[in-house]
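**Student:** need a 3D model of the following:
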Amino acid sequence: MRNHRSQPQRHPRLATTEAAVTAIRGIAEEYGLELTVADDIGADQTSRRTSAGLFTVLDADGSLPHEAFVELGGSPAVTVQLFPEDDAKITVEGVEFADVPRDAVPAFLRSVYGGLVQVRHRVFPPRSWLVVSLPGDETYKELVFPGALTPWLARRVR
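**Tutor:** Model prediction:
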């Protein structure tokens, strides 16, 4: 769930999946993180192309879809799945943020590794949310399921 308190900041355009992977590599280098990348290229390989025919590599428009799965080493545990449709799913310590615009992925990761995250907790009814604040008052918030509060998440409870 993405909340906007004001007009979200325009992020630099990442026109391709490869451009996003390159940006993530830069962030991994900046924060001294190990990086593993798995690429799926072709309509018959990408996860959202379930209707692609057997041995069909190109989309109907002639494009070659490219999807990537990036795993960043260290703490917190972070993975990024980049989709050909200009969006991504970012998982932080088991908490999934779906439908993050591909252009916002670098800012999202900088916020996570830069400490701009918190876990907000409500006592009744008991609920916790992981909140990631990006520059420009753009905020992403997802529910942390009961029992899923890892030590890294627990240190960020507010």
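**Student:** quick check: the most centrally placed residue in the chain vs residue 71, distance?
**Tutor:** When Cα atoms, centre = their mean is applied to the chain, the residue found nearest the centroid is residue 90 (2.3 Å). Separation of residue 90 from residue 71 (Cβ to Cβ, to the nearest Å) stands at 12 Å. The C-beta positions use only the backbone N, C-alpha and C, and glycine is treated the same way.
**Student:** and what of residue 103?
**Tutor:** On the measure of Cβ to Cβ, residue 103 and residue 71 end up 21 Å apart.
**Student:** what is the least confident helix or strand in the protein?
**Tutor:** Taking mean pLDDT, DSSP states H and E as the measure, the chain has strand 2-4 as its least confident helix or strand, at a mean of 46.
**Student:** after it, next one along is what?
**Tutor:** helix 17-31 (DSSP states H and E).
**Student:** and that next one, what does it pack onto?
**Tutor:** Judged by 3 or more Cβ pairs under 8 Å, 6 or more residues apart in numbering; DSSP states H and E, helix 17-31 is in contact with strand 35-41, strand 66-72, strand 78-82, helix 105-113.
**Student:** from the contact counts, what lies against the last one?
**Tutor:** The one in question is helix 105-113. Against helix 105-113 (3+ Cβ pairs under 8 Å, 6+ apart) you get helix 17-31, strand 78-82, strand 87-92, strand 127-134.
**Student:** now render these as CSV, adding distance to residue 39 and mean pLDDT.
**Tutor:** Shown next, in CSV, are these (distance: least, Cβ to Cβ, whole Å; pLDDT from 0 to 100):
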stretch, distance to residue 39, mean pLDDT
helix 17-31, 8, 95
strand 78-82, 9, 96
strand 87-92, 14, 95
strand 127-134, 26, 95
